[in-house]
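Novice: Mind looking at a prediction? Sequence and model below.
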Amino acid sequence: MKKLVSLVLALILLLSVSSAALAVNEDVEGEITIYSSMYPFVIDMMDKAIKAEFPNLVPNSEGTFFFYAGTGKLINKIYGEMGDNRDQPLECDMFMVAEPAFSLELKEYGYLHSFEVENADTLLRFPYDPEGYWYPVRVCNMVLAYNPEMEADWAAKGVTIPRTFKDFAYDPALKGYISMGDPMTSGTTYAAVASLLDTYGEEYLDKLGENKVMRESGTTPITKLQTCECAAIMILEESVLKYIKEEADKGNELTNLQVIYPEDGVILIPSTVMIVAEEYSKHVNTEACEAVAQWLLTEEAQKLILEGYMHSVLAAMDAYPYKSIATMSLIEKDMGVDWEKAYKNREEIQNMWTEKVTK
């Protein structure tokens, strides 16, 4: 009898422990939709992790919590949903877009829900909104890249590979041999342009225009490095690291692609997570959104950020992306972005880009 009682008690204890382990976020229910500009493969990892962490949350009709598009396209989509008077409800409940200036804009329009992240002061190594309307969740890093195998060939043509953002634009020998993203469609490129304007003034755009910088996205600039059509490109570090890792996984150790961490500084873009205010939210489920936002700032979620070749926002996270360098060393070299100016002067900066570079 005693053995039976002991067995029953042991079973009850085991079940209670198992139940506690499984029920971490089982009380989080309902539907949420997240607009995000992260790489689709990162979104896939995040989607699977959220489904496991929040088993009673309901994804959308396509079976995912996320809607993906580039930052520029997402911003235009959100503008369309907001309507001309910026007073219409949206088709999502959370945002994870690349460009923090947009967070300031949405906050000013009253489209964001304020929430508290526990111990944010000690948890995060990047700034967050003191009123709780947005928090950094992943860090993109704008750098330069080149093809080491072709450096001597370029030198023979009188072209020196630029080691600074300034030389990238100012060295006339690079005319027709440089490429970067388009700030009209890429949020991270827009942030970089805003930063470089603060550092070097409007002349920087004049020089990019004079050097006939190509405006390209995806792997096209990387391909042009390898085929010697470009001497250097301005690109997100994550794009280069992802390409190198994928080739390594195929057994190809690349020697014709390498990141340059510019000597005049890198440009870090701590992209944010935001929750839509209830009156504008698709599913009116801020409690679930808060739980997901808090989870995004856990070590588990931040490891997925690292796997996506981006840097973690956690102060205690020593790990950094594949083939990258320590995040704290990058912070020391960060040129910075005046996000308030990037928001308030968006139209002016875009017009300046169009006038000086694309024309």
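Specialist: Thanks, I have the structure now.
Novice: could you pull out the strands for the stretch 51-200 of the chain?
Specialist: 57-58, 66-68, 94-96, 135-146, 178-180 (DSSP state E, counting those that start in this stretch).
Novice: Now distance to residue 187, mean pLDDT and mean neighbour count too, for those strands, in a markdown table please.
Specialist: C-betas here are computed from N, CA, C, even on glycine. As requested, these are exported to a markdown table (distance: least, Cβ to Cβ, whole Å; pLDDT from 0 to 100; neighbours: other Cβ atoms under 10 Å):
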| stretch | distance to residue 187 | mean pLDDT | mean neighbour count |
| --- | --- | --- | --- |
| strand 57-58 | 27 | 94 | 18 |
| strand 66-68 | 14 | 96 | 19 |
| strand 94-96 | 11 | 95 | 24 |
| strand 135-146 | 9 | 97 | 25 |
| strand 178-180 | 14 | 98 | 23 |
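Novice: possible to save these as CSV with distance to residue 344?
Specialist: Output for the strands of the stretch 51-200 of the chain, formatted as CSV (distance: least, Cβ to Cβ, whole Å):
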stretch, distance to residue 344
strand 57-58, 36
strand 66-68, 28
strand 94-96, 20
strand 135-146, 20
strand 178-180, 24
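Novice: which one of those strands lies closest to residue 310?
Specialist: strand 135-146 (4.6 Å; Cβ to Cβ).
Novice: Where does pLDDT dip in the stretch 1-150 of the chain?
Specialist: 1-23 (pLDDT under 70).
Novice: For the residue lying closest to residue 73 once chain neighbours are set aside, give me its contacts.
Specialist: Nearest residue to residue 73, sequence neighbours excluded (Cβ to Cβ, 6 or more residues apart in numbering): residue 185, at 7.1 Å. Applying Cβ atoms under 8 Å, 6 or more residues apart in numbering, we find residue 185 in contact with 70, 72-73, 217.
Novice: from these, which single one is nearest residue 356?
Specialist: residue 72 (19.1 Å).
Novice: Can you give me the pLDDT of the closest residue to the closest one other than its chain neighbours?
Specialist: With Cβ to Cβ, 6+ apart as the criterion, residue 72 has its nearest non-adjacent residue at 3.8 Å, and that residue is residue 185. You'll see residue 185 listed with a pLDDT of 89.
Novice: list the contacts for residue 192?
Specialist: So residue 192 contacts 142, 183, 234, 267, 269 (Cβ under 8 Å, 6+ apart).
Novice: out of those, who has the most neighbours?
Specialist: residue 269 (31 neighbours; other Cβ atoms under 10 Å).
Novice: That one touches residue 137, doesn't it?
Specialist: No: in this structure, residue 269 is not within contact of residue 137 by Cβ atoms under 8 Å, at 11.7 Å.
Novice: Could you report the pLDDT at residue 354?
Specialist: At residue 354, the predicted lDDT confidence score is 96.
Novice: which residues touch the nearest residue to it once chain neighbours are set aside?
Specialist: Using Cβ to Cβ, 6+ apart and skipping the chain neighbours, the partner closest in space to residue 354 is residue 184 (7.5 Å). Applying Cβ under 8 Å, 6+ apart, we find residue 184 in contact with 72, 190, 350, 353-354.
Novice: Could you do residue 32 as well?
Specialist: 57, 65, 93-94, 283, 285, 288-289, 292.
Novice: at 6 Å what do you get?
Specialist: Applying Cβ atoms under 6 Å, 6 or more residues apart in numbering, we find residue 32 in contact with 65, 93, 283, 285, 288-289.
Novice: Residue 310 now?
Specialist: So residue 310 contacts 138-140, 238 (Cβ under 6 Å, 6+ apart).
Novice: redo that, cut-off 8 Å
Specialist: Applying Cβ under 8 Å, 6+ apart to residue 310 gives the contacts 42, 138-141, 238, 321.
Novice: Equivalent analysis for residue 356, please.
Specialist: 202, 205-206, 208-209.
Novice: Pull out the buried members of those.
Specialist: Applying 16 or more other Cβ atoms under 10 Å to the contacts of residue 356, the neighbour count classes 205-206, 208-209 as buried.
Novice: Looking at those residues, which is nearest residue 228?
Specialist: Once Cβ to Cβ is applied, the member of those that ends up nearest residue 228 is residue 208, at 21.0 Å.
Novice: helix or strand for that closest one, which one?
Specialist: Per DSSP states H and E: residue 208 is located in helix 203-210.
Novice: which residues touch that helix?
Specialist: Against helix 203-210 from outside (Cβ under 8 Å, 6+ apart): 166, 169-170, 172, 175, 180, 193, 196-197, 352-353, 356-359.
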